[in-house]
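>>> predicted model, plus sequence, below.
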Amino acid sequence: MIDTHCHLYFPDFADDLPEVIARAQEAGVAKIITVATDRASSEECLNIAARFPGVVYAAVGVHPSDVDAAGEDDLLWIEAVAGDPLVVAIGEIGLDIYRGETNLPAQEEIFRRMLALARHAGLPAIVHHRATGSRTYDIVKESGVTRGVFHCFSEDIEYARRVLDLGWNLSFTGNVTYKNSRLPALICELPLEKLMLETDAPFMAPVPYRGKRCEPMHVRDVAAALAAIYGTAETEVARITNITANRLFFGNSDAV
């Protein structure tokens with residue numbers, strides 16, 4: 001399995017990161033992508049990936065919540081490291097006005113710049129979308145970027161189909177296991193080969209760990225949830241989502 005989205009640089013993992021990685025490997029997680037939100041976390045993602053070669057990989061970028069603090073030097077630094085072999089995506093980037101943010105124009109400017117970077121670097125983009133309706137989709141479509149994922153997807157089936165029609169993918173976290181979640185009804189309408197697994201650790205821990213720290217090993221619980229939704233084996237979900245994730249992030253659908 002591949003955890004396509006987590007945040008290993010958070011303080012939650014400061015005391016036991018090697019053990020976290022070991023537990024994930026024991027659970028069958030072969031690769032982990034740790035995803036940045038600004039320059040500082042981009043540096044940390046690269047450092048962590050270097051500590052765990054062949055297992056952990058980095059995504060670099062500016063999250064919409066960190067746009068106001070991002071200076072030109074920060075953006076230039078991120079653009080410079082996009083070519084590092086440890087970097088497999090540009091992210092986490094996107095738009096978010098869930099808490100009433102009023103800086104949407106600034107978010108859009110950085111989002112466009114990060115998408116342009118993804119296109120220039122030949123990397124997929126990892127998109128955060130929250131409370132901005134079709135605006136996130138519209139900017140992605142305008143960018144011409146044809147490879148990426150809308151992570152922690154939470155929109156409706158029409159939105160999902162529009163994203164898939166662009167050639168993009170969707171990924172889901174432990175919230176698919178939550179009581180009264182509407183995500184299972186959405187997921188069963190989608191082709192499994194367009195989906196990927198993620199944890200968003202340390203957030204979004206699946207049942208029965210909800211309320212505790214989420215770890216990359218919990219991606220197996222997301223796989224189990226999708227297996228139940230599709231009425232197939234967990235190993236089949238892992239196989240198909242591995243092909244998709246390896247093709248998107250590593251350019252090799254035959255890899256583990």
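The structure has been received and is ready for your questions.
>>> just the helices in the stretch 1-150 of the chain please.
17-26, 39-51, 72-81, 104-121, 135-143 (DSSP state H, counting those that start in this stretch).
>>> what's the distance between Pro124 and Val140?
Using Cβ to Cβ, to the nearest Å, we find Pro124 at a distance of 12 Å from Val140. (Each C-beta comes from the backbone N, C-alpha and C, glycine too.)
>>> overlap of the contact sets of the two?
Residues touching both Pro124 and Val140 (Cβ atoms under 8 Å, 6 or more residues apart in numbering) are Gly148.
>>> sorry, back to before: okay, the helices of the stretch 1-150 of the chain in JSON lines with mean neighbour count next?
As requested, these are exported to JSON lines (neighbours: other Cβ atoms under 10 Å):
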{"stretch": "helix 17-26", "mean neighbour count": "16"}
{"stretch": "helix 39-51", "mean neighbour count": "19"}
{"stretch": "helix 72-81", "mean neighbour count": "14"}
{"stretch": "helix 104-121", "mean neighbour count": "18"}
{"stretch": "helix 135-143", "mean neighbour count": "18"}
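>>> out of the ones you listed, flag the one nearest Thr199.
When these are compared by Cβ to Cβ, helix 17-26 sits nearest Thr199, at 9.2 Å.
>>> would JSON lines of the helices of the stretch 1-150 of the chain with distance to Gly94 and mean pLDDT be doable?
Below are the helices of the stretch 1-150 of the chain laid out as JSON lines (distance: least, Cβ to Cβ, whole Å; pLDDT from 0 to 100):
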{"stretch": "helix 17-26", "distance to Gly94": "26", "mean pLDDT": "98"}
{"stretch": "helix 39-51", "distance to Gly94": "15", "mean pLDDT": "98"}
{"stretch": "helix 72-81", "distance to Gly94": "15", "mean pLDDT": "98"}
{"stretch": "helix 104-121", "distance to Gly94": "6", "mean pLDDT": "97"}
{"stretch": "helix 135-143", "distance to Gly94": "6", "mean pLDDT": "97"}
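>>> out of those, nearest to Thr177?
With respect to Thr177, and counting by Cβ to Cβ, the nearest of these is helix 17-26 at 17.9 Å.
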